[in-house]
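>>> for reference, the sequence and a predicted model appear below.
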Amino acid sequence: NLEANTFASDYSTLASTIAFDPSDSDGFYFESIGTNSSQYAGVGIAETGSLPGITGCAGRDGNNDQALVRADGYWYYNSSGAISSGKTTWTSSDVIGCAVKDNKIWVSKNGAWLDSGNPATGANPNITWVPSNHVNKLVNFIICAYSGNPSVNVNFGQRPFAHTAPSGYKALCTANLPDP
């Protein structure tokens, strides 16, 4: 769960092996490097169990159970088409962070939160997850790309993050999850 490298082919989605509750008041954070706009890559979350059978990129071509902020400036939620476009873009050398807390999703580029977001205070999330739209209350972090066979390095917290996680957020590992 702590690190994954290299997608095998086009139309790939990588998901964390640990699921969590996006409505939890304890926030979770991860970072990736290697995704870019020419690969239509992005980061986000997916309802647990929603990824099998997707033949495109989760969030855009999925089954209505994912949220994705893409490197080409398009944002998707529940496959309803882009909910935003013309947003911040990034390249494969940028470090992309993703933070989730209280059903809100924020994405950062090289430590700067997109669209004046502030996960530490809860201000200006990039996407708000709506629990009533979903059957399963648990989600996985995802990274998606559907072009160019990208190589992606993901840090779920097994080593220090390149940028400090927001205050109130932690790495996604079993030690940081509530007891069942």
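Received, thanks. Numbering: from 1, shown residues only.

>>> quick one, strands of the protein?
Along the chain, counting by DSSP state E, strands occupy 12-15, 27-33, 42-47, 66-70, 75-77, 82-84, 95-101, 104-109, 112-113, 127-128, 139-145, 153-155, 169-171.

>>> against Val100, how distant is the residue positioned nearest the centre of the chain?
When C-alpha atoms, centre = their mean is applied to the chain, the residue found nearest the centroid is Gly44 (2.1 Å). According to C-beta to C-beta, to the nearest Å, Gly44 stands 9 Å off from Val100. (C-beta placed from N, C-alpha, C; glycine too.)

>>> spit out the residues that contact those two alike.
Phe141 (C-beta atoms under 8 Å, 6 or more residues apart in numbering).

>>> circling back: okay, and the beta partners of the residue nearest to the centre of the chain?
As for beta bridges, Gly44 partners with Leu68, Ile142 under DSSP bridges.

>>> isn't it right up against Cys98?
Yes - between Gly44 and Cys98 there is a contact at 6.9 Å, judged by C-beta atoms under 8 Å.

>>> list residues touching both of those two?
With C-beta under 8 Å, 6+ apart, Gly44 and Cys98 have common neighbours 69, 105, 141.

>>> what number of residues lie near the second one?
Same thing as Ile105. For Ile105, the neighbour count with other C-beta atoms under 10 Å is 26.

>>> ok, Ser25 next?
Neighbours of Ser25 (other C-beta under 10 Å): 8.

>>> so what's it up against?
Here Ser25 is in contact with 101-102 (criterion: C-beta under 8 Å, 6+ apart).

>>> measure it to Val135 for me?
22 Å.

>>> how about Thr89?
33 Å.

>>> more neighbours: these two, which one.
The neighbour count for Thr89 versus Val135, taken as other C-beta under 10 Å, is higher for Thr89 (14 against 9).

>>> torsion angles phi and psi at that one?
Dihedral pair for Thr89: phi -110, psi 170, per degrees, to the nearest 10.

>>> with Asn124 instead?
phi 50, psi 60.

>>> distance of it from Ser108?
With C-beta to C-beta as the criterion, Asn124 and Ser108 are 12 Å apart.

>>> shared neighbours of those two, anything?
Gly117.

>>> more crowded one of those two?
Neighbour tally, Asn124 and Ser108, criterion other C-beta under 10 Å: the higher count belongs to Ser108, 24 against 14.

>>> so that one bridges to which residues?
Gly97, Trp113.

>>> what do you get for the one 10 residues further on?
Each beta-bridge partner of Asn118 is listed here: Ala123, as defined by DSSP bridges.
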